[in-house]
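Visitor: sequence unavailable; structure follows:
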């Protein structure tokens, strides 16, 4: 299931596609504050509704969204969505990748591998297992660590619309790495409590991404929508279907 905006079907618009991929404890509505800005510039925007059940399932949902579009696609991922676009971004339609406060693994890496060299997230004690292998985030975790820079009413809305996320995803390895061959952009959230900002900076350097920092919590597309939308539009204007020079090795 996707949240899709239908625009007039002419060739120009058909070639201007942006696919937004949300992360854990979220849904497609997490992009609601930037979608109008992207549409106003003539882009066809699709917000994928990830099932959050596994990497394979979320990649499949993203690939389905890409397949329905005509022309090149800019693929944007937030948080866990960064893992998804890393795997799904090898689709030939994908012209570029934008990571927003995201996890950016290398081949064979897991989220657990990425986080091991950084202080643990203070939100860890606020994960709530449901007995079926899924995690939700407590109200306190949402308010203090996920969207701590939003007004209380907005925090409650994010808490209410969160999607349970399969705990096994922490240890799922990525087998394909699109950022090694596709142009990439990265937004570091400087006040992020979920993914350490230094981890985000390391990932950006490793993939040689065009990068900005915003002073926000883990969801800058909600707390700093104008900055995030402008950066995505910049990436959309610069991305081409031509691969970048392959990125090899680690820092």
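Guide: Thanks, I have the structure now. Note that the structure is a prediction, hence the values are computed from the model and not measured.
Visitor: only C-alpha atoms for contact and neighbour calcs from this point on.
Guide: Fine.
Visitor: am I right that residue 132 is in a strand?
Guide: No. Under DSSP: H, G, I helix; E, B strand; the rest coil, residue 132 falls outside any strand and is assigned coil.
Visitor: how many residues are close by it?
Guide: 8 (other CA atoms under 10 Å).
Visitor: before we move on, what SS does residue 173 have?
Guide: Assignment for residue 173 (three-state DSSP): coil.
Visitor: mind listing what it touches?
Guide: Residue 173 is in contact with 107-110, counting by CA atoms under 8 Å, 6 or more residues apart in numbering.
Visitor: which pLDDT value goes with it?
Guide: Looking at residue 173, its pLDDT reads 97.
Visitor: then residue 239?
Guide: 86.
Visitor: separation between it and residue 18?
Guide: 11 Å (CA to CA, to the nearest Å).
Visitor: who wins on neighbours among the contacts of residue 173?
Guide: Using other CA under 10 Å as the neighbour criterion, residue 110 leads the contacts of residue 173 with 19 neighbours.
Visitor: how about the nearest residue to it, chain neighbours excluded?
Guide: With sequence-adjacent residues excluded and distances taken as CA to CA, 6 or more residues apart in numbering, residue 110 is closest to residue 173, at 4.7 Å.
Visitor: re the thing from before, between residue 239 and residue 18, which one's more packed in?
Guide: The residue with more neighbours, out of residue 239 and residue 18, is residue 18; 26 against 21, by other CA under 10 Å.
Visitor: what about the helices in the stretch 1-150 of the chain?
Guide: Shown for the stretch 1-150 of the chain, the helices assigned by DSSP state H, counting those that start in this stretch span residues 11-14, 35-40, 55-67, 80-88, 111-115, 139-141.
Visitor: of the ones you listed, which is nearest residue 201?
Guide: helix 111-115 (12.1 Å; CA to CA).
Visitor: could you list the buried residues of that closest one?
Guide: Neighbour-count burial for helix 111-115, counted by 16 or more other CA atoms under 10 Å, picks out 111, 114-115.
Visitor: what's the closest of the residues you listed to residue 129?
Guide: Closest to residue 129, out of all of the buried residues of helix 111-115 and judged by CA to CA, is residue 111, at 18.0 Å.
Visitor: wait, the closest one sits on residue 171?
Guide: Yes. The pair residue 111 / residue 171 is scored as a contact, 6.3 Å apart, by CA atoms under 8 Å.
Visitor: list the contacts for residue 76?
Guide: 18-21, 82, 85, 97-100.
Visitor: and it, how far from residue 179?
Guide: For residue 76, the distance to residue 179 - CA to CA - is 12 Å.
Visitor: any residues in contact with both of these two?
Guide: residue 97.
Visitor: which stretches of this protein form strands?
Guide: Taking DSSP state E, the strands of the chain run over residues 2-4, 17-21, 44-48, 73-78, 94-100, 127-129, 134-137, 165-166, 184-189, 210-214.
Visitor: out of the ones you listed, which is closest to residue 155?
Guide: strand 134-137 (12.0 Å).
Visitor: return the list of helices and strands in contact with the closest one.
Guide: Counting contacts by 3 or more CA pairs under 8 Å, 6 or more residues apart in numbering; DSSP states H and E, strand 134-137 is packed against strand 127-129, strand 165-166.
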